[in-house]
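*Asks:* Structure of the sequence below:
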Amino acid sequence: MNDVATKKCGQCGATKNIEQGFGVQSGSKDGRRSICKECFSDNRYGDKTKAVQALRVHDKLVAKATKELAGNLSTLSPGQIEKYERIVRLAPEHRAELQGKILEARKAEEDAQRQAAAAPSLTLVEQHFGSPILLTVDELRDKLTRAKIALGNLTAESDASAKRHVEDYITRVSFMVEQHDSQAAELAADAQETLNESVCRRVIGRVHDLYLPQIRACNTAEAKISLREQIRARKKALMAMAKTATGKDKSGADRAVVAKALADSLEKLALMCYGAKAELPTDTLENINSRQDAAVAAQEWLEKAEADRQKYWDDLRQSNPKQFERESKSLVLQVKSDGPFAATQRKTMQVLKRENPQEYERRALQALLPRRVEHPNIIYVAMEGKREIWHWPDGRLVKRGEEVTFDARMKRWCLTPGPASTELDPITATGRQKMEWYQDEMDGAQWKQRPEGSGGEYVQHNDSTWHKVGGASPWTRPKKIQFVRAEAPASPAHTELRHGKWFTLAEVQKAAEADAANPPQLLPPLPRFAVADSLALPPPITAADRIKDSREPYVWRRHLQAEKERKEREAELLRGN
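*Replies:* So this is what the prediction gives:
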């Protein structure tokens, strides 16, 4: 009677009532399915546990092993026979283990359902506070307020799960609302800055249209002074307005920003009344010599740094080609140092990548090119009428034919190649080799040079040229010369030429007597003229611009930029590029 009333499930192994636990199947002996209703539901609507799928695979493997052992035993190898016998022998143990996992998963699901039934607050909050993805911003704000009120009402011990659900919901919705507010604030700030810049340019253009014709028409000193005072008075009023004004004008621009930009433009116009070009004092010989000494002192460090940089790129290209490709196209990855300056530089490069990807990649690829770290061989050309006089930077006259020579192959003047030194230059130097002199008695007692460790030699002909017979060259490579035209002397007293500029004899003696242990302060070279900025040039970078460029980009803006780049790549692929 018990065998008729109960039945064991063929999948999970549980023993259940045959009428309540198993569905109807007309083709079976007892009129019921071989698996219970729960397993049948799992198989119909998808596997709820991995153990169900593993059980199916196990049954297939056991069926295949049994079939092979029964019908193809003679064709199987000893290893296959042992494998199939092990599968059939251990099949009950493996099946019981998998069935136990199925029952454990089902028990856990039943426990969760009982807990939910015992705590109806969880079901209630799940109904009211579900997924917020499709909600608008106003609906999100309303849901956030309701969720905070509901969280305050969940005080019972059985509401712990519902309380956790509401807390997670508040955290997620708060983040979405903050993101939207931050994006709206940033877009509003960008729109305001764009509007301010547009209004400033329009107002400055009107002021230039008003005052530039008057500046050009001022032919006397009295007229220039009068116009300058008029411009300065208007600038003073605008500066006061920039410090005290608040709010926006009719166009929506900030009054203080427009007043400050207009005051700066009026100051440039006032300076134009003195003359479009204001001559500035020239640099001193002490500063020039000090900069040259500093450059010479840093030469060894520059050469070593450049050699290390090229070695790094070569090693990276060979050891990790993928990293080399990523790093060679990224200015951000090329910044290796730490600190606030490096962080600011990385943020600036990120801004450049978003705004101008082509320029960003072009600058990054420039790091692969070798940099010129050697000092150029400069010769300054001074004109005496139509005659050119060549001077070295220290003022000495250049001896043509001895110190410099014309290279017919390069078609330019170069330094005269010297013989490879046996004392100063190492044997392993590029293009150099230790040489030895000998007199060939068999060839008219001609003096010849022969590189050590090489069978080659160089023979000197009657025209004083050397012709290679074999081996390494005993001469250094020709070095190019850069010609720079010297400035015209300011007065007849300026008779001494140093570094392309003319100085008086007193200035040269003063620079020569300067204490070498206490060099003068290093100053940058001063320009000859200060020209007023043109309206066609972009406005100078302000502190607000630096703060804006250094900000981390908003998540939504990065997403829009990525989508834009993806569409551009797809368009290029469709065009066949």
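*Asks:* give the contact list for A65.
*Replies:* A65 makes contact with 83-85, 87-88, according to C-beta atoms under 8 Å, 6 or more residues apart in numbering. (C-beta placed from N, C-alpha, C; glycine too.)
*Asks:* Which one of these is nearest to R255?
*Replies:* Closest approach between those and R255, by C-beta to C-beta: I87, at 86.8 Å.
*Asks:* what number of residues lie near that closest one?
*Replies:* Number of residues near I87 (other C-beta atoms under 10 Å) recorded here: 18.
*Asks:* thinking again about what came up before, any chance of a ChimeraX selection covering the buried ones in the contacts of A65?
*Replies:* Burial among the contacts of A65 is assessed by 16 or more other C-beta atoms under 10 Å; the matching ChimeraX selection reads:
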select :84,87
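*Asks:* Now intersect the contacts of A65 with the helices, please.
*Replies:* 83-85, 87-88 (DSSP state H).
*Asks:* Same list, these, but as a markdown table with distance to R566 please.
*Replies:* What follows is these, written out as a markdown table (distance: C-beta to C-beta, whole Å):
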| residue | distance to R566 |
| --- | --- |
| K83 | 50 |
| Y84 | 52 |
| E85 | 56 |
| I87 | 50 |
| V88 | 55 |
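*Asks:* can you redo these as CSV with distance to E359 and pLDDT?
*Replies:* What follows is these, written out as CSV (distance: C-beta to C-beta, whole Å; pLDDT from 0 to 100):
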residue, distance to E359, pLDDT
K83, 64, 87
Y84, 67, 86
E85, 71, 88
I87, 65, 87
V88, 70, 87
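*Asks:* Tell me the one among those residues nearest to V125.
*Replies:* Distance ranking of the ones in helices among the contacts of A65 against V125, using C-beta to C-beta, places I87 first at 49.9 Å.
*Asks:* so what's that closest one up against?
*Replies:* Neighbour list for I87: 61-62, 65 [criterion: C-beta under 8 Å, 6+ apart].
*Asks:* Just the element for the residue most central in space within the chain, please.
*Replies:* Centroid check for the chain by C-alpha atoms, centre = their mean gives V332 as the closest residue, at 2.8 Å. Taking DSSP states H and E as the criterion, V332 maps to helix 331-334.
*Asks:* Next one, pLDDT for L368 please.
*Replies:* For L368, the pLDDT comes out at 83.
*Asks:* ok, now how distant is it from E303?
*Replies:* Counting by C-beta to C-beta, to the nearest Å, the separation of L368 from E303 is 18 Å.
*Asks:* ditto for R326
*Replies:* For R326, the distance to E303 (C-beta to C-beta) stands at 28 Å.
*Asks:* Looking at the contacts of I87, which one is closest to R255?
*Replies:* Nearest to R255 out of the contacts of I87 is L61 (C-beta to C-beta; 82.6 Å).
*Asks:* In contact with the spatially closest residue to V166 that is not a sequence neighbour, which residues?
*Replies:* Leaving aside its sequence neighbours, V166 sits nearest to L151 (C-beta to C-beta, 6 or more residues apart in numbering; 4.7 Å). Contact analysis of L151 by C-beta under 8 Å, 6+ apart lists 163, 166-167, 170.
*Asks:* tell me which element L151 falls in.
*Replies:* Using DSSP H and E, L151 sits in helix 137-153.
*Asks:* who does the closest residue to P478 other than its chain neighbours bridge with?
*Replies:* By the measure of C-beta to C-beta, 6+ apart, the closest residue to P478 outside its immediate chain neighbours is C414, 3.9 Å from it. For C414, the beta-bridge partners are T405, K480 (DSSP bridges).
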